[in-house]
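> Curious how this folds, go ahead:
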Amino acid sequence: MRDDLDPGLFPALSRRARAVAPFLAMDVMAAASARERRGEGVVHMEVGQPSAPAPRAVIAAAQAALADGRIPYTEALGLPALRERIARHYADTYGVAVAPGRIIVTTGSSAGFILAFLALFDAGARVGVPRPGYPAYDGILRALDLIPEPLILRAEDRYAPTSAGVHALHAAKGLSGLLVMSPANPSGTVIAPARLADLCATARALGLPFISDEIYHGLSYGVPTATALAFDDEAVVINSFSKFYCMTGWRIGWMVVPDRLVRGIERLAQNLYISAPYLSQVAALAAFDTLDEIAAIRDGYAANRGLLLDALPSLGFTDIHPVDGAFYLYADIARHTGDAVAFCRRMLDEAGVAATPGLDFDPEEGAHHVRFSFAGSQDACREAVTRLKGWLG
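Modelled structure (predicted):
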């Protein structure tokens, strides 16, 4: 590191970089890690990261590939065998036929969003995104000189987007595209299939590309989840092995796109990152055969969800968004404070529980919300409840 260099010799941070807000969940994780390095215990509920390791067959497949010794580039679109297996997943899971040629393997879902936004929109385009919603949508859009337009989610709509909301936002802002997420982050709320069909039809009628973030599919609790491809064959769907298959650090995901976008996205991928990691692609191919192991992990999430929904209201977290899926609980903390950042800092410092302030997901209303991730063990969730009772009780 060249600390001796005069910072005045270098240009200021670019306008694009200045436009991107910090990802507060990662800042909280850094503060929690610093606490752990001091020997102080932390219950991690700040980041959407399963505590379970990747399934055994996934690890075994990676070990076998590593033992072979050669870890090469692949085609920019991904290993053909993996693309074919993902296509089969859509037939098996949703009854939807998707040609393998329409599937693009990506470096996590993050690369999928970058590729989708670059392929679909020119600089200055306005894209409707849910609020509260995943903060990296706004960050990536702004970094690409695109404009995120908040689609406000309301309690009367179960905090899920509606066709009426899309029409109103388009009339006011002149959208160039629409992005939705189900199950949602930060809430876990699922868009009902009939409403998702209506949103797809609305986007088609308005001439808007429809992007569906389905990264938490497979993680739902008694409610059906539908893919946008069931209602719109032209939808761009983005998914990942990170959440359902416990493969966050493997950085491997996929996109399903219309035929007309494949070659353009391939050219972008070739130039931006050449290909997704070979080792992760081989491992991901094995993931589809691990459903029994994953089912046990999902049952653990369900138990954690029940534990928190039972305990948190008595601690003042009374207004909680519908927790239909994923592994998050998004709660109003107005009874305690109007400053979620300070609240989360005190909760970490005084109770040793790390959670994410709502401002990450909603810069307007998030000051009185907090997100808890229950992707950890049941013992960790019990410990969090015990600590919170001691802190708030």
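> Specify the residue ranges that define each domain of the protein.
Domains of the chain are assigned by automatic domain parsing as 13-53+292-392, 56-289.
> Any chance of JSON lines for those domains, columns mean neighbour count and mean pLDDT?
For glycine as for every other residue, the C-beta is placed from the backbone atoms N, C-alpha and C. Formatted as JSON lines, the domains of the chain follow (neighbours: other C-beta atoms under 10 Å; pLDDT from 0 to 100):
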{"stretch": "domain 13-53+292-392", "mean neighbour count": "18", "mean pLDDT": "94"}
{"stretch": "domain 56-289", "mean neighbour count": "19", "mean pLDDT": "97"}
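> Could you say which helix or strand holds T225?
For T225, there is no enclosing helix or strand under DSSP states H and E.
> Just the residues contacting the biggest helix by length in the chain, thanks.
When the chain is parsed with DSSP state H, its longest helix is helix 291-311. Applying C-beta atoms under 8 Å, 6 or more residues apart in numbering, the external contacts of helix 291-311 come out as 50, 52, 55-57, 218-219, 221, 244-246, 320, 323, 327, 329, 372, 374-378, 381-382, 385, 388-389.
> Try it again at 6 Å.
Contact with helix 291-311 is made by A52, P55, Y221, V323, F327, L329, F374, Q378, C381, V385, as judged by C-beta atoms under 6 Å, 6 or more residues apart in numbering.
> So which of the residues you listed belong to helices?
Those of these mapping onto helices are Q378, C381, V385, per DSSP H.
> Just the closest of those residues to T106, please.
For the ones in helices among the contacts of helix 291-311, the minimum distance to T106 (C-beta to C-beta) is 31.5 Å, reached by C381.
> Skipping adjacent residues, who's closest to that closest one in space?
N304 (4.5 Å; C-beta to C-beta, 6 or more residues apart in numbering).
> Just put the contacts of helix 291-311 in a markdown table and tack on distance to P277.
Output for these, formatted as a markdown table (distance: C-beta to C-beta, whole Å):
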| residue | distance to P277 |
| --- | --- |
| A52 | 21 |
| P55 | 18 |
| Y221 | 32 |
| V323 | 33 |
| F327 | 25 |
| L329 | 32 |
| F374 | 29 |
| Q378 | 32 |
| C381 | 32 |
| V385 | 38 |
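> Between which two of those residues is the distance greatest?
Using C-beta to C-beta, the contacts of helix 291-311 span at most 28.4 Å, a distance reached by P55 and V385.
> What separation do you get for T318 and F241?
For T318, the distance to F241 equals 36 Å [C-beta to C-beta, to the nearest Å].
> Hmm, I typed the wrong one, I wanted F343.
Applying C-beta to C-beta to F343 and F241 gives a distance of 33 Å.
> Check the gap between G128 and G338 for me.
28 Å.
> One more: V256?
From V256 to G338 the distance is 42 Å (C-beta to C-beta).
> can you check S275 too?
Noted for S275: a distance of 47 Å to G338, by C-beta to C-beta.
> and what of G376?
Using C-beta to C-beta, G376 is found at 28 Å from G338.
> Need the nearest residue in space to A123, chain neighbours excluded.
Nearest non-adjacent residue to A123 (C-beta to C-beta, 6+ apart): D145, at 4.0 Å.
> just checking, that neighbour touches F121?
No: the pair D145 and F121 fails to qualify as a contact (C-beta atoms under 6 Å) at a distance of 9.4 Å.
> And the closest residue to L359 other than its chain neighbours, how far from L24?
Excluding its sequence neighbours, the residue lying closest to L359 (C-beta to C-beta, 6+ apart) is G366, at 4.1 Å. Counting by C-beta to C-beta, the gap from G366 to L24 is 9 Å.
> Same check on G325?
Per C-beta to C-beta, G325 is found 23 Å from L24.
> And the strands in the chain?
43-44, 103-106, 126-131, 147-152, 177-181, 210-213, 236-240, 253-256, 328-332, 353-354, 356-357, 369-373 (DSSP state E).
> The fourth one pairs with which strands, parallel or anti?
Yep, that's strand 147-152 we're talking about. strand 126-131 (parallel) (DSSP bridges).
> Now do the partner strand against strand 177-181, angle only.
Orientation of strand 126-131 against strand 177-181 (axes from the mean of the first three to the mean of the last three C-alpha atoms, to 10 degrees) gives an angle of 20 degrees.
> Just give me how far strand 126-131 sits from the chain centre.
15 Å (C-alpha atoms, centre = their mean, to the nearest Å).
> what's it in contact with?
Residues from elsewhere that reach strand 126-131 (C-beta under 6 Å, 6+ apart): 137, 141, 146-153, 161, 169, 173, 175-179, 362.
> Try it again at 8 Å.
117, 121, 137-138, 141, 146-153, 161, 166, 169-170, 173-181, 184, 208, 361-362, 364.
> these two touch, right, S51 and A380?
Yes: between S51 and A380 there is a contact at 7.1 Å, judged by C-beta atoms under 8 Å.
> intersection of neighbour lists for those two?
With C-beta under 8 Å, 6+ apart, S51 and A380 have common neighbours H44.
> From the chain's centroid, how far away is stretch 382-393?
27 Å.
> Just the CA atoms of it, as PDB, please.
Only the C-alpha atoms of stretch 382-393 are listed here, as PDB (Å, rounded to 0.1, in the frame of the first residue of the first chain):
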ATOM      1  CA  ARG A 382     -32.400 -18.100  20.700                       C
ATOM      2  CA  GLU A 383     -29.300 -16.300  22.000                       C
ATOM      3  CA  ALA A 384     -30.300 -13.200  20.100                       C
ATOM      4  CA  VAL A 385     -33.800 -13.200  21.800                       C
ATOM      5  CA  THR A 386     -32.200 -13.700  25.200                       C
ATOM      6  CA  ARG A 387     -29.800 -10.800  24.600                       C
ATOM      7  CA  LEU A 388     -32.600  -8.500  23.300                       C
ATOM      8  CA  LYS A 389     -34.800  -9.300  26.300                       C
ATOM      9  CA  GLY A 390     -32.000  -8.400  28.600                       C
ATOM     10  CA  TRP A 391     -31.300  -5.200  26.700                       C
ATOM     11  CA  LEU A 392     -34.800  -4.000  26.100                       C
ATOM     12  CA  GLY A 393     -36.700  -5.800  28.800                       C
END
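> Right, I'll leave it there.
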